[in-house]
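In: following is a predicted model, sequence given first.
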Number of protein chains: 2
Amino acid sequence: MIVSALFTSVGINLGLCFLFFTLYSILRKQPKNVPVYAPRLFHERQSQQRDDFSLERLLPSPGWLKRAWQPSEDELLSDSGFDAVVFMRIFIFSLRVFTFAGIIGILVLLPINYLGNQLTADYDISHLPYKTLDSFSISNVNNGSNWLWVHFCAAYIFTGFVCYLLYYEYNHISLKRISYFYSSKPQPHQFTILVRGIPAPPGSSFSETVGNFFTEYHPSTYLSHSMVHRTSKLRSLIDDGEKLCKRLTHLKSTSSQRRYRRDGFLGLFGRKVDIVDHYEKKLEELEDKVRLKQSQSALPVEEAPAAFVSFKSRFGAAIAVHIQQGINPTQWVTERAPEPKDVYWPFFSASFIKRWILKLVVVVAYIAVTILFLIPVVFVQGLANLDQLETWFPFLKGILSVAFISQVITGYLPSLILHLFLSVVPPIMILFSSMQGYISISQIEKSACTKMLWFTVWNIFFANVLSGSALYMVNVFLEPKKIPSVLAEAVPAQASFFISYVVTSGWTSLSSELFRLIPLVCSFIKGLFGRKDMDDFEVPSVPYHSEIPRILFFGLLGVTYFFLAPLILPFILVYFCMGYIIYRNQLLNVYAPKFETGGKFWPIAHNSTIFSLVLMHVIAIGIFGLKKLPLASSLIIPLPVLTLLFNEYCRKRFLPIFKAYPTECLIKKDREDLNDPSMPQFLENLDAAYHDPALMPIQYSSSTDGHNSPLLRAAEV
Amino acid sequence: MIVSALFTSVGINLGLCFLFFTLYSILRKQPKNVPVYAPRLFHERQSQQRDDFSLERLLPSPGWLKRAWQPSEDELLSDSGFDAVVFMRIFIFSLRVFTFAGIIGILVLLPINYLGNQLTADYDISHLPYKTLDSFSISNVNNGSNWLWVHFCAAYIFTGFVCYLLYYEYNHISLKRISYFYSSKPQPHQFTILVRGIPAPPGSSFSETVGNFFTEYHPSTYLSHSMVHRTSKLRSLIDDGEKLCKRLTHLKSTSSQRRYRRDGFLGLFGRKVDIVDHYEKKLEELEDKVRLKQSQSALPVEEAPAAFVSFKSRFGAAIAVHIQQGINPTQWVTERAPEPKDVYWPFFSASFIKRWILKLVVVVAYIAVTILFLIPVVFVQGLANLDQLETWFPFLKGILSVAFISQVITGYLPSLILHLFLSVVPPIMILFSSMQGYISISQIEKSACTKMLWFTVWNIFFANVLSGSALYMVNVFLEPKKIPSVLAEAVPAQASFFISYVVTSGWTSLSSELFRLIPLVCSFIKGLFGRKDMDDFEVPSVPYHSEIPRILFFGLLGVTYFFLAPLILPFILVYFCMGYIIYRNQLLNVYAPKFETGGKFWPIAHNSTIFSLVLMHVIAIGIFGLKKLPLASSLIIPLPVLTLLFNEYCRKRFLPIFKAYPTECLIKKDREDLNDPSMPQFLENLDAAYHDPALMPIQYSSSTDGHNSPLLRAAEV
């Protein structure tokens, strides 16, 4: 890619961003769009439709920027929870890293690269638009040049600075986590554990067994328990009922044509019946079935060998979680209970072995998907190489010779297509993680986040760098000795692709995040049909599993290309600046926290940064080898070793705090509660806190003729 | 090696074994040798010297075999502890495995190998002694022959059988471990934990901080604590004192020549002094110093940030061990306390960071030693190849042409030299492990055992197989794809070396274990000089760290060569049969348990067996590839995967039982104690149980003129 193509791409994307920002600032002021751009406000019914028209509503204004900027971290904490704060800390951390990197990279490394003459020795400023971006990368420095020692020092200084920041952030967040715990109100999940693998009792029910076991072994702290039931059949019945209800509502709201059908095979034979009557009858049958099942499920047959056990104190619960309970470690398996609304119910009944096998299956499936995904990546790679594209599709030759089109294709299209393909992956990862037998949505998201991160690194970074041939990639990683030199050859060569990736995919994803195109279109269509599903309205939650990996991936690009092609740094810095303000705005207006992990996403960000650093070092080893500076190549080896040792120290120093709360905190909190007059009431309600939604009594709204969703759960009433 | 050379070697070694056995059965009956052959009896003073001579004393008799055979497992348990039982279970397990392997190997695989004609097609029975051992290995089967499917099936059946046995043993031992715990008396280490990283208190002593912390957070279970003191200086003073005392005793017991020396530089200048007086004065000074130090050490300055904290119940101690105590995970680090006599005192004062760095240093040193050890291995390898030896030392040509000598050199010498070199390594491994900051001798032995095992596998197995060139070996392991084919070529080629290794090193080590040559010689020399250090006499303990790796290594040889060269199996079976009876004898008569880990050595044996199986599978993949049977080569791939999954399941199912006792056991034991009238007394004495020996008051025996060791510790009095 040449400089002018880069500027085309930057121009297009800056224009698009500006357009989106302007549109956003207008559209958000339209009362109709409140559910799209401020669902939290909408949900709290604070901004009822005030349809008073004013000119101000049609003018773009930057007021939202100010409102997003203003709140302090503590306000964000109380408003959006601790996970949102940690999410924003990733931006703050990245901004600090890339400001530092940018200063070194642009002021020191870039001039050195440009003044080298390995690739071109043409310093005429008027030729600048036609120079390739490679002349700004380390490839342009002369082989064996002593200027490379500047790059060497930069790698050491940068690593030191990043490690200092990592330590600072980890410390900051872990202290915040503890103080957040201290300031929290008593919550059911602090007092409750989940017990699985309850041994099959001879003659007595699971519930009795659990009761006996905990009264026997935790007599002073055990409070109560509620069993988990096998509700998969019930759940499918309820799902059927919901579908039927929706169809019924749809039928009633649309015109009354085709209201008759035959009641036989496929609606083709038998006598004609009124279709609404038919569905209503079916629905009633289903309702009866569900009620019957629900009353039956109180019988021991339907109990799963799992239970939520509540304790009188947080410390009591911690004791039961941390110490193996039964002699057989596959029985009486305990783990911390999630928040009641965070529980993922479907997988409770699975046995130890089944969950274990499912985990293995998921690992295999994950690897398969990761490899299959290479196909679109290879295709995209083809688009970036114009010559190859012309070989594949000769009829395009005419079009491709137009300069502008070829620039758009090389600069814009590849990363857009990649981006589209990538958007399909997060739901797949969520599916995988939910199959692994996690008990809470937060754990599933966390696991999907890690999966997604490595998927992105492998499929976007390595697949593009190593030219996409799957077989070749696997071969490289089977010969560890060659990795540095292969990477050192391939990574700088892809610098221009990744610069355009940051500009297109990165910036575009941010503005589309702000603009919320899909919800906007949905809301518009709904508005056209005059529907207003007020009861169906749900405030969205941050899709951490797709957002965090993307943000971390840009961090990885910045770190690895820091000394290879410092030209990428300003674009990444712009990405993080925009991201900081946009996500702040979204967290305050759009997303409501669905669960609270207490900052458990930070270790993922930490690990990803350490990985980026080590990857940078490995490439550095290769680069200095290629550049005929073997001394620098050997002297860089201590750097990854030291980085990994630093990581190991952080794991020991901070990670345990993110896994469980220590005795000190638990006992202090428990003591505080002793003076709380509401505690007895709270403890009494504990056993009702965990209740499978499938076992809640279902209830049709008075009749099936309203706009409202006809199937209402007691929980929502 | 040819068959006749093998028989020479077997003949020599069988003869040696028989000689040792006969000598042993005579020598053990001599009253003088009781301290050598039955130190446990000797220690219990049950067999005081009955010097009544009888002819029977001079005749060899097999009575000791019967006495070693008779005791049941429960008797061994009560006599030698649980670790001894586990040690013998390794033999029982191996005997079962190799009986099965031997039947298949000798009756099925060996004939198939022999009837192949890849190497030789000469079935004349009279040529048998001149045939190489390779004609009994898989190398002799024709390429592409369908007979190889028998080997394929044998690999599957054998793996299945070994896994079944592994599961059975793990289950058996874990149940025994629990029942051993149930039957144990209350012991200090069950109620005590070690706390390290006590934060530096502002103005108060460590001891107060510990007291406050545990009264605050464990008010109902905390009992008492005793601080650990920085005693390294004190310990070196006491050691100096001991050395001085020994020299003094030696001086007094030998002739009175040279009793004068000058008291100046190096004893060359200054005025003449009586040397005994001189030493006695020095000793007194030392004694005063030590006493002064000991009284000072009660001051807070000398306290280390570590303490043994005792609890009122086992469950109370378990709670403090399993849950992180302070907010900072590097402070208030808790771990289970070892038995009082098992404590390793020197490394207590080390800080978190220091221990962590030492661990890294040890890893590096371990790798260095492992690599340096290749030098003797290469040399030994040279001995086995006669041609190479003749090239190195041309003057030997004459001697080497004598058939018998060349047979001895190829069949006997290499493994004997290896064996000698290997005997230096266990103390080095113990040194490494003790530097890693373990707090008990048992943990040090366990860690040294693992280190020694991998050292043996790497240096004996891989170094010999891959012809000893260090660089070449590392290269192979950097290209994982090539491993199977490289191993498949190299491993069968070394079959004869390993057969002779089993016969020489294995059998010799067993008979020397029985004969206890070094203690015998020491005792003889002591007898000559008329010394009888009754107070110095210590019953030896089983050196698990050197014995277990050796035994497991023979298991590894048997498993890997099972289908390659089944000829090795009878020799290994003989090894395990002899080992079973000899070690039983030694456990009952010679070794006294120094500590009790509760069977924690079994997981090492389990892992080693799994490793052997997977190694066998990897070689099988390569062999079937070499033998032009690619289908079998691919079909064997599921086998290592299944084996590793099986191992993973065992880790989940059994390993936690070996790490800690579950709530169920702890509470049951605690309840039992409630009815025990001696418990209050026991709990009262708990804080005195852990006392640094360096802080015990030292005491000279009334005068320094006896045979007895002049420096007696209060503990021994």
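Out: Good, I have the coordinates.

In: hey, let's count contacts and neighbours off CA atoms from now on
Out: Noted.

In: mind telling me which residue of the stretch 501-650 of chain A is nearest chain B?
Out: In the stretch 501-650 of chain A, no residue comes nearer to chain B than residue A:649, which is 8.8 Å away by Cα to the nearest Cα.

In: before we move on, what about the stretch 1-150 of chain A?
Out: Closest approach between the stretch 1-150 of chain A and chain B, counting by Cα to the nearest Cα: residue A:82, at 18.5 Å.

In: ok, now which ones touch that residue?
Out: Contact partners of residue A:82, counting by Cα atoms under 8 Å, 6 or more residues apart in numbering or on different chains, are A:177, A:180, A:596, A:597, A:598, A:599.

In: just the strands in chain A please.
Out: A:192-196, A:222-229, A:260-262, A:272-274, A:303-311, A:333-336, A:698-700, A:711-713 (DSSP state E).

In: a markdown table for the ones you listed, including mean pLDDT?
Out: Putting those into a markdown table (pLDDT from 0 to 100) gives the following:
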| stretch | mean pLDDT |
| --- | --- |
| strand A:192-196 | 91 |
| strand A:222-229 | 87 |
| strand A:260-262 | 59 |
| strand A:272-274 | 67 |
| strand A:303-311 | 87 |
| strand A:333-336 | 90 |
| strand A:698-700 | 59 |
| strand A:711-713 | 40 |
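
In: let me know which of the ones you listed is tucked in deepest.
Out: Among those, strand A:192-196 has the highest mean neighbour count (mean count of other Cα atoms under 10 Å in any protein chain shown), at a mean of 26.

In: and that one, what does it pack onto?
Out: Packing partners of strand A:192-196 (3 or more Cα pairs under 8 Å, 6 or more residues apart in numbering or on different chains; DSSP states H and E): strand A:303-311, helix A:314-322, strand A:333-336.

In: closest one to chain B among these?
Out: helix A:314-322 (6.0 Å).

In: for the closest one, packing partners?
Out: With 3+ Cα pairs under 8 Å, 6+ apart as the test, helix A:314-322 has helix A:188-191, strand A:192-196, strand A:333-336, helix A:663-674 packed against it.

In: show me what counts as buried in that helix.
Out: Buried residues in helix A:314-322, counting neighbours by 16 or more other Cα atoms under 10 Å in any protein chain shown, are found at A:314, A:315, A:316, A:317, A:318, A:319, A:320, A:321, A:322.

In: pull the contacting residues for the last one.
Out: In this case it means residue A:322. A:334, B:322, B:323.

In: find the nearest non-adjacent residue to residue A:449, please.
Out: Excluding the flanking residues, the one nearest residue A:449 by Cα to Cα, 6 or more residues apart in numbering or on different chains is residue A:545, at 4.0 Å.

In: and for residue A:621?
Out: residue A:633 (4.6 Å).

In: check what pLDDT that neighbour gets.
Out: Residue A:633 carries a pLDDT value of 90.

In: burial of it, as a residue count?
Out: Residues lying near residue A:633 (other Cα atoms under 10 Å in any protein chain shown) number 21.

In: isn't it up against residue A:626?
Out: No - using Cα atoms under 8 Å as the test, residue A:633 is too far from residue A:626 to be in contact (9.1 Å).

In: which stretches of the stretch 351-500 of chain A aren't confidently modelled?
Out: Scanning the stretch 351-500 of chain A for pLDDT under 70 picks out A:377, A:380-389, A:392, A:400, A:410-412, A:415, A:467-475.

In: re the thing from before, quick one: the residue nearest to residue A:449 and residue A:455 touch, right?
Out: No - judged on Cα under 8 Å, residue A:545 makes no contact with residue A:455 at a distance of 11.8 Å.

In: contact partners for the residue nearest to residue A:621?
Out: Per Cα under 8 Å, 6+ apart, neighbours of residue A:633: A:620, A:621, A:622, A:623, A:624, A:625.
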